[in-house]
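Asks: need a structure here:
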Amino acid sequence: MPVKNRIAELKDEIAGWRREIHANPELLFDLPRTSAMVAEKLREFGCDEVTEGIAQTGIVAVIRGNRGNSGRVVGLRADMDALPIHEETGLDYGSTVPGKMHACGHDGHTAMLLGAAKYLAETRNFDGSVVLIFQPAEEGGRGGKVMCDEGMMDRWGIQEVYAIHNSPGLPVGTIGVKPGPSMAAADIFEIEVTGKGGHGARPHETVDSGLIASHIVIALQSIASRSTDPLDSVVVSVGCIETSSKAFNVIPQKTQLKGTVRTTSPAVRDMARRRIHEIAEMTAKMHGGEAAVDYIDGVPALINSEDEAGFAAAAAERITGSCIETPTVMGGEDFAFMLNERPGAMIRLGNGADSKPLHHPEYNFNDDAIPFGCSWFVEMVESRMPAE
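Replies: Numbering: from 1, shown residues only. Sure, this is the predicted structure:
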């Protein structure tokens, strides 16, 4: 079964919605324009329920099928927020808001789910209910967790849940999915090292917090190389080093490290958290200083359940003729919070072999991918809740 004919007819209209969202990016939970547009479209399509204000600016809509009363409920999710990046695409529909940009394709995800909503509201050729989830604050705000914490899954009786993320580098028309760990848990750590500041010419009178911090940075790499099974995945990266002094001839009293930890299993995540504390505190003590660690849990690992990943792959094969198994990536995705509550899967949708990478100032969602993503959303509903 190829791309659905009606979806193909709607492509230009859906692309227009996508470009309107792209031109007006909003961040985190502050999505008044985007949320209002989505809600207006859903009501225009004739959805049976449209509820606003979930997780502040999130939206949940319901479309009921016109065949039987199976009691089946399938959730479909899209994210709506942009990134704090200055756009450099030069597009005629480029961002009109300096310093804000849809650099991860959430404009495309939202538009594709709107396209699927319009089709499903017109046809209703399924037995059950589809719950459409439009989520705020995927980019660092843990909006998916907030929606779950507010009881979304139980309130709408969602039994399984699915999502799409575009994938630069994969050809348009390619869909991939991986059972099990698909994306990493993404945590943050901050380490404040305290020593004894002083003159750069008299280091013997100081406890150099910068030197201690440097030893900590190096020692943290032993978490991957010596504390983790080589067959397990872990990344520990320090992205920021900042001292309390900006002068060339001052040994700083304090030095702060900031970094990220990426893991794909709860056991390795717990080990990395413990080892960061041990390494920082003991290294500082060894050099006569102190280290305080603040470890902040981010999103958990995104784990596609085996059966649902299989259903997603089968739907992809019916749309495109095949489905590849995509590798695990160490990026984070807070759809993981929804998958922690219900079985489901996230697929990867090709954005083009020449696409700029995600979070790049020249990235742009490829509108040619729209019919494939919309058709897959629809196929998931119709195959998981068949009218027969």
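
Asks: which ones are touching the residue lying closest to H215 once chain neighbours are set aside?
Replies: Sequence neighbours aside, T283 is the residue nearest to H215 in space, at 5.2 Å (criterion: CB to CB, 6 or more residues apart in numbering). Bear in mind the C-beta positions are built from the backbone N, C-alpha and C, glycine included. Residues in contact with T283 (CB atoms under 8 Å, 6 or more residues apart in numbering) are 212, 215-216, 219, 291.

Asks: I191 versus T283, what's the distance?
Replies: 10 Å (CB to CB, to the nearest Å).

Asks: ok, which stretches of the stretch 151-300 of the chain are strands?
Replies: Per DSSP state E, counting those that start in this stretch, the stretch 151-300 of the chain carries strands over the ranges 160-167, 175-176, 180-183, 185-194, 198-199, 234-243, 250-251, 254-263, 290-299.

Asks: got a markdown table for those, with mean neighbour count too?
Replies: Output for those, formatted as a markdown table (neighbours: other CB atoms under 10 Å):
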| stretch | mean neighbour count |
| --- | --- |
| strand 160-167 | 25 |
| strand 175-176 | 24 |
| strand 180-183 | 21 |
| strand 185-194 | 22 |
| strand 198-199 | 14 |
| strand 234-243 | 16 |
| strand 250-251 | 20 |
| strand 254-263 | 21 |
| strand 290-299 | 16 |
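
Asks: make JSON lines out of the ones you listed and add mean pLDDT.
Replies: Shown next, in JSON lines, are the strands of the stretch 151-300 of the chain (pLDDT from 0 to 100):
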{"stretch": "strand 160-167", "mean pLDDT": "98"}
{"stretch": "strand 175-176", "mean pLDDT": "98"}
{"stretch": "strand 180-183", "mean pLDDT": "96"}
{"stretch": "strand 185-194", "mean pLDDT": "97"}
{"stretch": "strand 198-199", "mean pLDDT": "96"}
{"stretch": "strand 234-243", "mean pLDDT": "97"}
{"stretch": "strand 250-251", "mean pLDDT": "96"}
{"stretch": "strand 254-263", "mean pLDDT": "98"}
{"stretch": "strand 290-299", "mean pLDDT": "96"}
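
Asks: using CSV, write down the CA coordinates of stretch 10-25.
Replies: Output of stretch 10-25 as CSV, limited to C-alpha atoms (Å, rounded to 0.1, in the frame of the first residue of the first chain):
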residue,chain,number,x,y,z
LEU,A,10,-3.3,17.4,1.0
LYS,A,11,0.5,17.7,0.8
ASP,A,12,0.7,21.4,-0.3
GLU,A,13,-1.9,22.4,2.3
ILE,A,14,0.0,20.5,5.0
ALA,A,15,3.3,22.1,3.9
GLY,A,16,1.6,25.5,4.2
TRP,A,17,0.8,24.8,7.8
ARG,A,18,4.3,23.6,8.4
ARG,A,19,5.8,26.8,6.9
GLU,A,20,3.5,29.0,8.9
ILE,A,21,4.7,27.3,12.1
HIS,A,22,8.3,27.5,10.9
ALA,A,23,8.1,31.3,10.4
ASN,A,24,6.7,31.8,13.9
PRO,A,25,8.8,29.7,16.3
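
Asks: how distant is that stretch from the center of its chain?
Replies: In terms of CA atoms, centre = their mean, to the nearest Å, the centre of stretch 10-25 is set 21 Å apart from its chain centre.

Asks: what residue is smack in the middle of the chain?
Replies: For the chain, the residue nearest the mean C-alpha position is E333 (2.7 Å; CA atoms, centre = their mean).

Asks: assumed that residue was part of a helix.
Replies: No - applying DSSP: H, G, I helix; E, B strand; the rest coil, one finds E333 to be coil, outside a helix.

Asks: please report phi then psi for it.
Replies: phi -150, psi 120 (degrees, to the nearest 10).

Asks: what ranges do the helices span in the stretch 101-250 of the chain?
Replies: With DSSP state H, counting those that start in this stretch as the criterion, the stretch 101-250 of the chain has helices at 106-123, 143-149, 152-155, 209-220, 222-226.

Asks: most tightly surrounded among the ones you listed?
Replies: Mean neighbours per residue, mean count of other CB atoms under 10 Å, is largest over those for helix 106-123, with a mean of 25.

Asks: now that helix against strand 160-167, angle please.
Replies: 130 degrees (axes from the mean of the first three to the mean of the last three CA atoms, to 10 degrees).

Asks: packing partners for helix 106-123?
Replies: Contact analysis of helix 106-123 by 3 or more CB pairs under 8 Å, 6 or more residues apart in numbering; DSSP states H and E lists helix 5-23, helix 32-45, strand 58-64, strand 73-79, strand 129-135, strand 160-167, helix 370-384 as its packing neighbours.

Asks: can you put those in JSON lines and add distance to V238?
Replies: Shown next, in JSON lines, are these (distance: least, CB to CB, whole Å):
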{"stretch": "helix 5-23", "distance to V238": "34"}
{"stretch": "helix 32-45", "distance to V238": "34"}
{"stretch": "strand 58-64", "distance to V238": "34"}
{"stretch": "strand 73-79", "distance to V238": "28"}
{"stretch": "strand 129-135", "distance to V238": "30"}
{"stretch": "strand 160-167", "distance to V238": "27"}
{"stretch": "helix 370-384", "distance to V238": "36"}
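
Asks: out of those, which comes closest to H106?
Replies: Of all those, it is strand 73-79 that lies closest to H106, at 4.6 Å by CB to CB.

Asks: export the closest one as CSV, just CAs?
Replies: Extracted in CSV, the C-alpha atoms of strand 73-79 (Å, rounded to 0.1, in the frame of the first residue of the first chain):
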residue,chain,number,x,y,z
VAL,A,73,-7.4,3.7,22.0
VAL,A,74,-4.2,4.6,20.1
GLY,A,75,-2.2,7.7,20.8
LEU,A,76,-0.2,9.7,18.3
ARG,A,77,2.2,12.4,19.4
ALA,A,78,3.9,15.4,17.9
ASP,A,79,6.1,18.0,19.5
